[in-house]
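Novice: With the input below, show me the fold.
(2 chains)
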There are 2 protein chains.
Amino acid sequence: MTDTIQNAIDYLHETQDKMMEDYKDLLRFPSISADPAYADDVKACADWIVGQLEAMSFDNCEAIETAGLPVVYGEWLKAGADKPTVLVYAHYDVQPVDPLPLWRSEPFEGVIRDGNMVARGASDNKAGVWGNLKVFEALLRANGTLPVNVKIMFEGEEESGSPSIEDFVVANKERLQADLLLNCDGNLKPDDPQLTYAGRGIVSAEVRVTGPSADIHSGLYGGLVQNPLHVAGQIIASFHDADGRVQLPGYYDSLREVNAAEKERIAAGFQEGSLKEGAGIENFWGESIAPASERATVYPTLDVNGMWGGYQGAGNKTIIPAEAGIKVTMRLAPDQDPRVVSQLLKRHVESFASDTVDVSCEIGEEAWYFQLVTEGPWLEAVQSAIEATVGSRAQLVRTGGSIPILGVFNRLIGLPITGFGYGDGEGIHSPNEYLKIDTFVKSLEAAVRLYHNFGEVGSLP
Amino acid sequence: MTDTIQNAIDYLHETQDKMMEDYKDLLRFPSISADPAYADDVKACADWIVGQLEAMSFDNCEAIETAGLPVVYGEWLKAGADKPTVLVYAHYDVQPVDPLPLWRSEPFEGVIRDGNMVARGASDNKAGVWGNLKVFEALLRANGTLPVNVKIMFEGEEESGSPSIEDFVVANKERLQADLLLNCDGNLKPDDPQLTYAGRGIVSAEVRVTGPSADIHSGLYGGLVQNPLHVAGQIIASFHDADGRVQLPGYYDSLREVNAAEKERIAAGFQEGSLKEGAGIENFWGESIAPASERATVYPTLDVNGMWGGYQGAGNKTIIPAEAGIKVTMRLAPDQDPRVVSQLLKRHVESFASDTVDVSCEIGEEAWYFQLVTEGPWLEAVQSAIEATVGSRAQLVRTGGSIPILGVFNRLIGLPITGFGYGDGEGIHSPNEYLKIDTFVKSLEAAVRLYHNFGEVGSLP
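Specialist: Next up, the predicted model:
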């Protein structure tokens, strides 16, 4: 069995230079999902990946159409009925490249510099796509088989908020059945490996308060016309009590407290010093609600991310502005339904409308909290693969952030999820994004071990 | 006596074409006070006006230095001790010209088009400077004397908030003694003449709320770090109660109610329909405080003129922003001291500072309410001059706006004030500002009559 692993690892080392050279073919597609001008490039990228899967004798390979950009699907189910089926998620779309002048090389011409592959998407998340393709290739070439049954699902809209993924999952529920979802949108940091196991849901919204038909003179109209900025201020002030508790009626109704063991795990992973340093603050806030570690990760929040209205230049301009705007996001706790919470927000905000101002609340994103496995054989398979490769097990981290696709899977498919990240890089979402090649190769080794370990878990009864 | 008037008017008509041609020399100075790059042009303009006064045998002509830009002073005191002394105010500085592409001709090259003189400042307020110079010239040429003693005070910083005028008035209190101040910063609208007789004071301020040292991730920090935009919303919401009454402690303490006669005058001049149309609104607001006519003119207000913070673009950005800003102006009622009120604001706003956010409140402009004469011989002199020229008397208007220089004179010099405007124009503060030439000439006729009438009032005992 160890030979099985070593054979594949040897193959990866022997072919490493060609593998990185071939990676440039994938990096060459400007698969920017946020900009409709690149839709054909995104689709061409999907088709190219389908061709790669077909060349490795995957079955039913297809760039599956969605309302937006395609999902790449392919399956290799020849490991046997006693082996588990792993649904592998990554995304092949990338962030936009601006500001272009800050790039030292062409964003879509992969360049190897100082041991790094530099290109947009080299790390986020074409490394997840390429890494899996190369690991499966290595296992198949070295051993003629894979240790598990595999279903591939590579998304093309992750960087633009996954607008089509929920409908896609609903429409392809049967096809996506598996024993485990492996989320490969992440990094392996060999010096400090971490695995995110849970995070919050999210609802975003934009509020508009409109009054007079144009900015009007505050001398002529002051005291006579209601100022939309005052109403915007009242709305913002109404969101929290003095302790920071969110004041939307019913907001906490469906909230599920995490258990004592989970609270302990959160507290153990909480890094107060580095968080304060990162924010440049002396003091946290909201202490009466819950311990800081839980407020940052598991309690729901409501934050105004932006506000505007009227004159923002130098000096003063004596106007009652026509309009004010507020951008809001809420981070949701376990069991909070984003579609319910978004309506609580909308109803509350729109109650500020009167015969002197109009108030609208447009809901944007709605995503559930997510929960990956925190114990058991699937996680152990990942941990022992990481430990065997980099010498230490990953720290389990609960994030306060959101990964919408995982909430979709939790809710619609219900299969256990764990994560594994290929490579390590910086400049994600920024100019000169890169992937450290030696870490990438290390993560391929870990992945060979991980799929092997998954095969040992066996299929669920 | 009528010959005295007619001689001067005849002179004005005979020299009208040359007068408008010569006006271009004054219009040629780009005397933009708000932009320090034009300081030398403002000063050159002041010197040029001093030369004009000297050429008319005015005495003690001087561009008087201030902490900022100079005040043009000159006096003609040869009318005799039994004649009153009139201190004539106008301003020779102008607004900036941007957006320049919208100008159909060079802003500082006066062009006569369709009976209008088109140039920056042609109406606001070089018409007040030029009108007075030409009226005095006409009276001196036609009659060898002026009907009153005259002191000229032409300001060079009106369009940038008159920052030096209070110190100037204090330092030159003796020199500025007179029987009447005539404010010539305005228009004569022959079809609907109006005289503003009172207005509100003003305080402006800028509030900053700062928290984290940079925008931070709302997933990582949501619930943990106080959001400066929330505090900004709380500050805005704290400014008023539900009826719109300003909630700064002590705000209404020094407020003096106007008397019943004044309330009637305000109500008579209040134009509800055109105000609602102008603002594009169905309903006024704040009804429980006072009648709309008084809220718009005599009650104090507090308006947020601008607010900003965080992300204002399309979509959403999941941040807790580092900073929020609010711009505030208050319109002040009779007897409210702007220096007291500004401290009420500052104290209240800064009370929102805590160990999690810093709050600063920077005071900008501070100006008193103003009050011109509403009856008596000075006003009658103006009214009968207007009536003799355009056929109707001016309507007396109380504005909710502010004219800081008049509050300074009310308080520091204490002499009666009335107003008279030269010409009529549009595009004030906008591209293609112009002065209607025939109205300008009509206003010169009215001014000849007005100075004659002032001479008849006689000096005060």
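Novice: send the alpha carbons of the longest helix seen in chain A over as PDB?
Specialist: Counting residues, the longest helix in chain A under DSSP state H turns out to be helix A:437-457. Extracted in PDB, the C-alpha atoms of helix A:437-457 (Å, rounded to 0.1, in the frame of the first residue of the first chain):
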ATOM      1  CA  ILE A 437       6.100  25.800  -6.400                       C
ATOM      2  CA  ASP A 438       7.800  23.800  -3.700                       C
ATOM      3  CA  THR A 439       4.800  24.100  -1.400                       C
ATOM      4  CA  PHE A 440       2.500  23.200  -4.300                       C
ATOM      5  CA  VAL A 441       4.500  20.000  -4.900                       C
ATOM      6  CA  LYS A 442       4.400  19.200  -1.100                       C
ATOM      7  CA  SER A 443       0.600  19.600  -1.200                       C
ATOM      8  CA  LEU A 444       0.400  17.200  -4.100                       C
ATOM      9  CA  GLU A 445       2.200  14.600  -2.000                       C
ATOM     10  CA  ALA A 446      -0.200  15.300   0.900                       C
ATOM     11  CA  ALA A 447      -3.100  14.900  -1.500                       C
ATOM     12  CA  VAL A 448      -1.800  11.500  -2.700                       C
ATOM     13  CA  ARG A 449      -1.800  10.400   1.000                       C
ATOM     14  CA  LEU A 450      -5.200  12.000   1.600                       C
ATOM     15  CA  TYR A 451      -7.000  10.200  -1.200                       C
ATOM     16  CA  HIS A 452      -5.300   7.000  -0.100                       C
ATOM     17  CA  ASN A 453      -6.500   7.600   3.400                       C
ATOM     18  CA  PHE A 454     -10.000   8.300   2.200                       C
ATOM     19  CA  GLY A 455      -9.900   4.900   0.400                       C
ATOM     20  CA  GLU A 456      -9.200   3.300   3.800                       C
ATOM     21  CA  VAL A 457     -12.200   4.900   5.400                       C
END
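Novice: can I assume A:Ala381 is in contact with A:Ala446?
Specialist: No: contact criterion Cβ atoms under 8 Å: A:Ala381 and A:Ala446 do not qualify, at 11.0 Å. C-beta here means a position set from N, CA and C on the backbone, and glycine is covered the same way.
Novice: Report the separation between A:Pro334 and A:Gly201.
Specialist: Distance of A:Pro334 to A:Gly201, given as Cβ to Cβ, to the nearest Å: 9 Å.
Novice: and these two? which has more neighbours close in?
Specialist: The residue with more neighbours, out of A:Pro334 and A:Gly201, is A:Gly201; 25 against 19, by other Cβ atoms under 10 Å in any protein chain shown.
Novice: Give the intersection of the neighbour lists for A:Pro334 and A:Gly201.
Specialist: Common neighbours of A:Pro334 and A:Gly201 (criterion: Cβ atoms under 8 Å, 6 or more residues apart in numbering or on different chains): A:Tyr369.
Novice: how about the helix or strand A:Asn305 falls within, does it reach chain B?
Specialist: Following DSSP states H and E, one finds A:Asn305 within strand A:301-310. Yes: residues of strand A:301-310 contacting chain B under Cβ under 8 Å from any Cβ of the partner chain: A:301, A:303-310.
Novice: Now tabulate those residues in CSV and tack on pLDDT and neighbour count.
Specialist: Below are those laid out as CSV (pLDDT from 0 to 100; neighbours: other Cβ atoms under 10 Å in any protein chain shown):
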residue, pLDDT, neighbour count
A:Thr301, 96, 27
A:Asp303, 97, 26
A:Val304, 98, 28
A:Asn305, 95, 25
A:Gly306, 96, 24
A:Met307, 98, 31
A:Trp308, 97, 20
A:Gly309, 97, 28
A:Gly310, 94, 24
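Novice: Give me the nearest residue to A:Lys346, chain neighbours excluded.
Specialist: Distances taken as Cβ to Cβ, 6 or more residues apart in numbering or on different chains put A:Cys361 closest to A:Lys346, at 4.4 Å, once the chain neighbours are dropped.
Novice: Low-confidence regions, the stretch 1-150 of chain A specifically.
Specialist: Scanning the stretch 1-150 of chain A for pLDDT under 70 picks out the ranges A:1-2.
Novice: Would you map the helices across it?
Specialist: Taking DSSP state H, counting those that start in this stretch, the helices of the stretch 1-150 of chain A run over residues A:2-14, A:16-27, A:39-55, A:126-143.
Novice: what's the most buried one of the ones you listed?
Specialist: Of those, the one with the most neighbours on average (mean count of other Cβ atoms under 10 Å in any protein chain shown) is helix A:126-143, at a mean of 24.
Novice: Could I get the phi/psi values of the single nearest residue of the stretch 351-461 of chain A relative to chain B?
Specialist: The stretch 351-461 of chain A approaches chain B most closely through A:Gly401 (2.9 Å), counting by Cβ to the nearest Cβ. Main-chain dihedrals, A:Gly401, degrees, to the nearest 10: phi -80, psi -170.
Novice: neighbours of it, just the number please.
Specialist: Burial of A:Gly401 is recorded as 17 neighbouring residues (other Cβ under 10 Å).
Novice: go on, the one 4 residues further on?
Specialist: Burial of A:Ile405 is recorded as 24 neighbouring residues (other Cβ under 10 Å).
Novice: Is it in contact with A:Glu155, as I believe?
Specialist: Yes: at 7.0 Å, A:Ile405 counts as touching A:Glu155 under the criterion of Cβ under 8 Å.
Novice: list residues touching both of the two?
Specialist: A:89, A:162, A:165.
Novice: Among these, which ones are in strands?
Specialist: Counting by DSSP state E, those place A:Tyr89 in strands.
Novice: so which of the shared contacts of A:Ile405 and A:Glu155 comes closest to chain B?
Specialist: If you rank the shared contacts of A:Ile405 and A:Glu155 by distance to chain B using Cβ to the nearest Cβ, A:Ser162 comes first, at 13.5 Å.
Novice: The closest one: what's it in contact with?
Specialist: A:Ser162 touches A:155, A:404-405, A:408, counting by Cβ under 8 Å, 6+ apart.
Novice: just checking, A:Asp185 touches A:Ser123?
Specialist: No: when contacts are counted by Cβ under 8 Å, A:Asp185 is not listed as touching A:Ser123 (10.7 Å).
Novice: out of the two, which sits in the more crowded spot?
Specialist: A direct count of neighbours by other Cβ under 10 Å for A:Asp185 and A:Ser123 places A:Ser123 higher, at 29 against 20.
Novice: Show me what the residue lying closest to that one once chain neighbours are set aside bridges to in the sheet.
Specialist: Closest residue to A:Ser123 apart from its sequence neighbours, by Cβ to Cβ, 6+ apart: A:Gly425 at 2.9 Å. Beta bridges link A:Gly425 to A:Leu435, judged by DSSP bridges.
Novice: Give me the distance between A:Gly425 and A:Gly110.
Specialist: Note on A:Gly425: its distance to A:Gly110, by Cβ to Cβ, is 13 Å.
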